[in-house]
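J.: compute the structure for the input listed below.
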Amino acid sequence: MKKVTTYIIYLSSLCLVMACSTSDAPTPDTLSELINKWKVESVLVGTTDVTAQYTNYTIEFKEDNTYLLTKADGGNEEGSWVISSDNKTITITPTGGTAISFTETNISATKLTYNAEEVSAKTGTVTVTFTLIPA
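T.: This next block holds a predicted model:
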């Protein structure tokens, strides 16, 4: 009986340690799924579909934590990127520019979604929801 009790205590302790362990780094699977060139599937400003305005938009996240962005107007931008430990925020920093955060990020091998804040002269700051697929 003593062996059974010792075994149960050991097994319970092992399960507790495994359940409570956390990591500050993004998971390797998430990073390998993010490292890709992405193109627009849909773009929403609130509930308004503006996808047609983003036909040129692509972003390529590279393994060396750099990115290459083709903007909606066809212009290019490059810089560096980091992802939060919970994989929910990607921050891009254009070379010589100010950091921009993509929030509420969801990453899979077939889809990347995130929200970005854009400032409009007419409406102020608006949330734009991007859904991207591999290019």
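J.: what sits against the residue nearest to the spatial centre of the chain?
T.: With distances taken as Cα atoms, centre = their mean, Thr105 lies nearest the centre of the chain, 4.2 Å away. Listed by Cβ atoms under 8 Å, 6 or more residues apart in numbering, the contact partners of Thr105 are Ile83, Asn87, Lys88, Thr89, Ile90, Leu112, Thr113, Tyr114. All C-beta spots, glycine's among them, are computed from the backbone N, C-alpha and C.
J.: rerun that using 6 Å as the cut-off
T.: By Cβ atoms under 6 Å, 6 or more residues apart in numbering, the residues touching Thr105 are Lys88, Ile90, Tyr114.
J.: poorly predicted segments of the chain, please.
T.: Confidence mapping of the chain against pLDDT under 70 gives the ranges 1-28.
J.: next, Leu53: phi, psi?
T.: No, residue 53 isn't Leu; it's Gln. The phi and psi torsions at Gln53 (degrees, to the nearest 10) take the values phi -80, psi -10.
J.: if I look at it, how far off is Glu77?
T.: In this view, Gln53 and Glu77 are 17 Å apart by Cβ to Cβ, to the nearest Å.
J.: show residues contacting stretch 73-92.
T.: 24, 26, 30, 56, 61, 65-70, 93-95, 99-103, 105.
J.: buried ones from the residues you listed, can you make that a ChimeraX selection?
T.: Those of the contacts of stretch 73-92 that count as buried under 16 or more other Cβ atoms under 10 Å are selected in ChimeraX with:
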select :26,61,67,69,70,100,102,105
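J.: can you pull out the helices in the chain?
T.: Ranges of helices in the chain, per DSSP state H, are 2-20, 28-34.
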